[in-house]
Structures are given as structure tokens and as C-alpha cells.
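Engineer: Okay, predicted coordinates and the sequence, questions at the end:
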Amino acid sequence: MLNTTMQSRAEARALANRVAIARAELLPAGQGRCFSIGGRKIAVFRTRAGRIHALDAACPHRGGPLADGIVGAGVVVCPLHAYRFRLEDGSGVDTECTVRSYPVEVVAGLVIVELPAD
């Protein structure tokens, strides 16, 4: 019984960190949108292929708004200085800078972002 209770608590904590932010069809293909979630600003992108990704909203170089950047070929281009970041994991393409990425899934048409426990 103890193991089941511990497992239920762990599952509850995991669910507490998952936030539904929007209906998937409201995110335009090939663009990003910025959301404030749990005190964080997160840029959510929908590729033209329909995949959805979430990154910190600010470019680590100078704080540029990544949600306003150009999206294509699996990357977002910062609108201020053209730094490129992979949508899949937030790693820099032509820079050592990285952006935090967040797990995302679509459940019953809702985009759900998983925030870290910290």
C-alpha cells in the first residue's frame, strides 16, 4: 500500500506541473505565441508540419522575443540579432547560447506544457 501511495503522490506532483495553455488549432502554423505560465514567459511554436514546441520566450543573448522570430526548418530565429535555436531542444545552431525547452503534448486538442518542479 505504501508504494501505491508514494506512486500516487509522484503522479500528482507531475500532473501539478502540467499546464493547458491553448487549443492546438488556435496556434498558427509556422509561428510562435508567448504565454505567461507559472511566473515564466514561454514561447510556444507550431511548425508547418503541425509539431508543437515550447522554449523560454527570451533569447539568452539580449532578451529578444523568440515568439516573434521566424520559424522554419526546425529552428526559430531571434528577431533582434538572428541567433538560431533548435525547436526540439533549445540548443543554439550557430551560437553557444541555449534556451530552455519544455515538454509539450496535445491531449484532446489542448496544448499541455510541462513545467519543471523547481
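Structural biologist: Ah, there it is. Residues are numbered from 1 along each chain as shown.
Engineer: Can you read off the pLDDT for residue 117?
Structural biologist: Reading off the confidence values, residue 117 has pLDDT 82.
Engineer: Could you look up the SS state of it?
Structural biologist: Secondary structure, DSSP: H, G, I helix; E, B strand; the rest coil: residue 117 is coil.
Engineer: So it sits against residue 17, correct?
Structural biologist: Yes: between residue 117 and residue 17 there is a contact under CB atoms under 8 Å: 5.9 Å. Quick note: C-beta positions are derived from backbone N, CA and C, even for glycine.
Engineer: Compare these two and say which is more crowded by neighbours.
Structural biologist: A direct count of neighbours by other CB atoms under 10 Å for residue 117 and residue 17 places residue 17 higher, at 15 against 8.
Engineer: which residues touch the more buried one?
Structural biologist: 114, 115, 116, 117 (CB atoms under 8 Å, 6 or more residues apart in numbering).
Engineer: before we move on, what about residue 58?
Structural biologist: Contacts of residue 58 (CB under 8 Å, 6+ apart): 41, 64, 65, 66.
Engineer: neighbours of the closest residue to residue 32 other than its chain neighbours, just the number please.
Structural biologist: Excluding the flanking residues, the one nearest residue 32 by CB to CB, 6 or more residues apart in numbering is residue 67, at 3.8 Å. Residues lying near residue 67 (other CB under 10 Å) number 21.
Engineer: and residue 67, helix, strand or coil?
Structural biologist: Looking at residue 67 with three-state DSSP, the answer is helix.
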